[in-house]
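In: coords below, sequence missing:
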């Protein structure tokens, strides 16, 4: 009878993560899971959402875009408000893709207008009445917010 020796698969003790750190990591994951479960089951309200403010100005727009970053913004009558080249329209095209994905989930045509809203406190937001999706644009940086703010001023 012959015996074959197989190599050990274990790492050297100095290369391993200490057991206490692994236990602490799993303890933190379990704690977060318990906190989130508690908040969900007790119906705790969301706290980090922006307050609802009065609408100062509003405009219905239709967004079209492609994967290259080119985007076009139309009014409800199909008149072009803005036409962005691939190197300038990345954010607008990205927003259009998000809206298209949300609409595809519920089977709504991509040509339904969204509402560009200026709210009290100089907050700019997009709202899709067809899906209920909305985004506060202030969180995407000043230059991206300005891009949409200019659309409110266009005739």
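Out: Structure's in. What do you need? All of these numbers come straight from a predicted model, not from anything done at the bench.
In: packing partners for the helix or strand harbouring residue 93?
Out: Assigned by DSSP states H and E, residue 93 belongs to helix 90-106. Applying 3 or more C-beta pairs under 8 Å, 6 or more residues apart in numbering; DSSP states H and E, one finds that helix 90-106 contacts strand 55-65, strand 71-74, strand 80-84, helix 142-153. Quick note: C-beta positions are derived from backbone N, CA and C, even for glycine.
In: most neighbours per residue, which of the ones you listed?
Out: The highest average neighbour count among the helices and strands packed on helix 90-106, using mean count of other C-beta atoms under 10 Å, belongs to strand 71-74 at a mean of 21.
In: Which strands border that strand, and is each parallel or antiparallel?
Out: strand 55-65 (antiparallel), strand 80-84 (antiparallel) (DSSP bridges).
In: who are the neighbours of the longest helix along the chain, in terms of helices and strands?
Out: Ordering each helix of the chain by length in residues (DSSP state H) puts helix 19-41 first. Helix 19-41 sits against no helix or strand, with contacts defined as 3+ C-beta pairs under 8 Å, 6+ apart.
In: got the contact list for that helix?
Out: Helix 19-41 is touched from outside by residue 44, with contacts defined as C-beta atoms under 8 Å, 6 or more residues apart in numbering.
In: Please name every helix or strand in contact with the helix or strand of the chain with the lowest mean pLDDT.
Out: Within the chain, no helix or strand scores below helix 142-153, which has a mean of 81 by mean pLDDT, DSSP states H and E. Using 3+ C-beta pairs under 8 Å, 6+ apart, the elements in contact with helix 142-153 are strand 55-65, strand 80-84, helix 90-106, strand 114-119, strand 123-127.
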